[in-house]
Each structure stands twice: as C-alpha cells, then as structure tokens.
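Q: model this:
(chains A and B)
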Amino acid sequence: GAGVSQTPSNKVTEKGKYVELRCDPISGHTALYWYRQSLGQGPEFLIYFQGTGAADDSGLPNDRFFAVRPEGSVSTLKIQRTERGDSAVYLCASSSSGVPEAFFGQGTRLTVV
Amino acid sequence: GQQVMQIPQYQHVQEGEDFTTYCNSSTTLSNIQWYKQRPGGHPVFLIQLVKSGEVKKQKRLTFQFGEAKKNSSLHITATQTTDVGTYFCAGLDSGNTGKLIFGQGTTLQVKP
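A: Numbering: from 1, shown residues only, chains lettered A, B, ... in the order given. A predicted model of the protein is given here:
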C-alpha cells in the first residue's frame, strides 16, 4: 500500500481481555516503531524493530505488552489482561534505511471498559 | 532515561503573529526531527536537523538545532489558520539505536 496501515482503527475491549493490534508498514521499510499516545500527550515510545528483531523494547510498560515482526514486515502488538489505563491511541510508524522520516499510520484507538 | 521537554504546552495567537516552540533534551542528541499533528490526525514529518548549530527554513518555518545538540526551536513567521495543530520535536539519542523520543508537543491555535 501507499502508506502505513493499522487495523483495527478502533477497538473496544473489556478489562482483562487480550487484544492484538496490527501494523502494515510501507513496503521495503526496515524500521518499524510502536508508540502510544494519550490525549494531550506526545507519542510515547514502546518498541522499535530493525528487520525482524526488536532493536529496543525499553518502552514496553510491563510484561503484559509484547510485539512481534516475524517476517520483517507486518508487526503485531499484543496486550494481555488489558487494564483501563491501557486506553490510548496506538501508533505505528515505519522508516527506510538512510531516510530519517518516520511515516505514521492513522493509529488504533483502544478503549478498555 | 532520555527525556525531551517542550514549551509552551499551548499557544494561542492572532493570525499574522509569530510563534515559537522550544525543545530541550536531557541528553545529547544524534539528530532532532520535527513533526506536525493536525487535530484527529497522525504526526507528519516536517524536517530533520543533524549538525550542531544547524538552521533550516521551510517557507515561513525556521528550525534551529543548538550548539550543544541538546535543544532546538521551531519559529513560524506570520502564522496562518492552516498552521493550527500540535508541533512535536523528536530526538534520536546519541547512542543511535534508532529510538526516537518525542516531546509532549506544543498545540498552536490561530485566531483569524
């Protein structure tokens, strides 16, 4: 596709449930980022992939959060035992080697009720 | 850990007035990027600064990177209503792991 695609665009889940958020980066982009953005805040870094491997996962808040990128393209952010505090917009971005610009998707708005 | 702070958090200006947002990092940065996010949208890349003391211009926007590579500013001359949005700086840490840390953003409102 032409841009970064994130699905679903909206997700409402009950507290304690498991959710998966998907990111399709721009074709050929080796770097992929996950951020979380709460209202009125800047994007909060979660994890960064270079290819298939997580180059930096220091932003994952706890072990309920996990992300994979098995073939170096699509990535899935997985959240176990969701809590109300996990409610936010989850943004994915990708970039190409040697090009600084990170292209963001439209985000997945996660609401935990 | 590395922190990137931005001030002010909000700025309301009359159309035609100038606007400046400031960004400060707790650590030396490899480079700094600026993004704009319109209400309801996602961040869109504006520019990257790499060199100490670098100044870049895009029409009415002027970006500066401090000599110590720990601070940056964005100045908009003669604001227009199309400039409305939140402006974020994002720093790439000097360890160059690729981790991009965003500031909290400055939200600009322009009154016509």
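Q: any idea which helix or strand comes after the lowest-mean-pLDDT helix or strand in chain B?
A: The weakest-scoring helix or strand in chain B, judged by mean pLDDT, DSSP states H and E, is strand B:100-102 (a mean of 89). Using DSSP states H and E, the helix or strand that follows strand B:100-102 in sequence is strand B:106-111.
Q: close to chain B: what parts of chain A are there?
A: For chain A, the residues in contact with chain B (Cβ under 8 Å from any Cβ of the partner chain) are A:31, A:33, A:35, A:40-45, A:48, A:50, A:55-56, A:58-59, A:91, A:93, A:100-107. For every residue, glycine as well, the C-beta is placed using N, CA and C.
Q: okay, which residue is most central for chain A?
A: Nearest to the geometric centre of chain A sits A:W34, at 3.4 Å (Cα atoms, centre = their mean).
Q: typed the wrong thing, it's chain B
A: Mean-position check on chain B, Cα atoms, centre = their mean. Result B:C89 at 3.9 Å.
Q: chain neighbours aside, what residue packs nearest to that one?
A: B:C23 (3.6 Å; Cβ to Cβ, 6 or more residues apart in numbering or on different chains).
Q: does the residue lying closest to A:Q106 once chain neighbours are set aside belong to a helix, a strand or coil?
A: Distances taken as Cβ to Cβ, 6+ apart put B:H42 closest to A:Q106, at 5.5 Å, once the chain neighbours are dropped. The three-state assignment at B:H42 reads coil, by DSSP: H, G, I helix; E, B strand; the rest coil.
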